[in-house]
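Undergrad: predicted model and sequence follow; I will ask about them next.
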Amino acid sequence: MTDTAPTGRALPHPKREEIRLEAVLHALSDPMRLQIVRELAAREAELTCSQFELPVTKSTTTHHFRVLRESGVVRQVYRGTAKMNGLRRDDLDGLFPGLLDSLLAAADRQAGRLGDGS
């Protein structure tokens, strides 16, 4: 499935039935990508890429968002010049009930245990 923005820029996304557990787990196995997903889940809103404070270069940030989008974890759409990112919670919960909530809770417990806040 491809979303076409008013600007004509399209970003490829897997259809719901194409989302694979292996791809989702791979995407969430990286600490930076997990941090992005945790923030999207906590804010329950679409955010621009620039709203995330990641300790990596812009090109690395772009790579992380692409992995999340191509795995089906996030949906990215252009609104004007901003690329908005939203968690595909409905799709993930429908395909893998409880998975996202369990992973987010485990990440919160780990952050508390390690005292790193990430």
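TA: Yes, it's here.
Undergrad: give the contact list for the closest residue in space to Phe52 that isn't next to it in sequence.
TA: The shortest distance from Phe52 to any non-neighbouring residue, by CB to CB, 6 or more residues apart in numbering, is to Ile36 (5.9 Å). Every residue, glycine included, has its C-beta placed from N, CA and C. Ile36 makes contacts with Phe52, Leu54, His64, Phe65, Leu68, Val74, Asn85, as judged by CB atoms under 8 Å, 6 or more residues apart in numbering.
Undergrad: quick check: the farthest pair among those?
TA: Leu54 and Val74 (14.2 Å; CB to CB).
Undergrad: same drill for those two, tell me which one is more crowded.
TA: Per other CB atoms under 10 Å, whichever of Leu54 and Val74 has more neighbours is Val74, with 26 against 17.
Undergrad: wait, His100 touches Arg88, no?
TA: Actually, residue 100 is Leu. It isn't His. No: taking contacts as CB atoms under 8 Å, Leu100 lies outside contact range of Arg88: 9.3 Å.
Undergrad: per-residue pLDDT, the residue nearest the centre of the chain?
TA: By CA atoms, centre = their mean, the chain has its centre lying nearest to Val74, at 4.0 Å. If you check Val74, the pLDDT there is 97.
Undergrad: and it, what does it touch?
TA: Contacts of Val74 by CB under 8 Å, 6+ apart are Ile36, Val37, Leu40, Phe65, Leu68, Asn85, Gly86, Leu87, Arg88.
Undergrad: name the residues linked to it by a beta bridge.
TA: Counting by DSSP bridges, Val74 forms beta bridges with Leu87.
Undergrad: what's the separation between it and Gly112?
TA: 25 Å (CB to CB, to the nearest Å).
Undergrad: so where do the strands sit in the chain?
TA: Here the chain has its strands, by DSSP state E, at 2-4, 10-12, 47-48, 74-79, 82-87.
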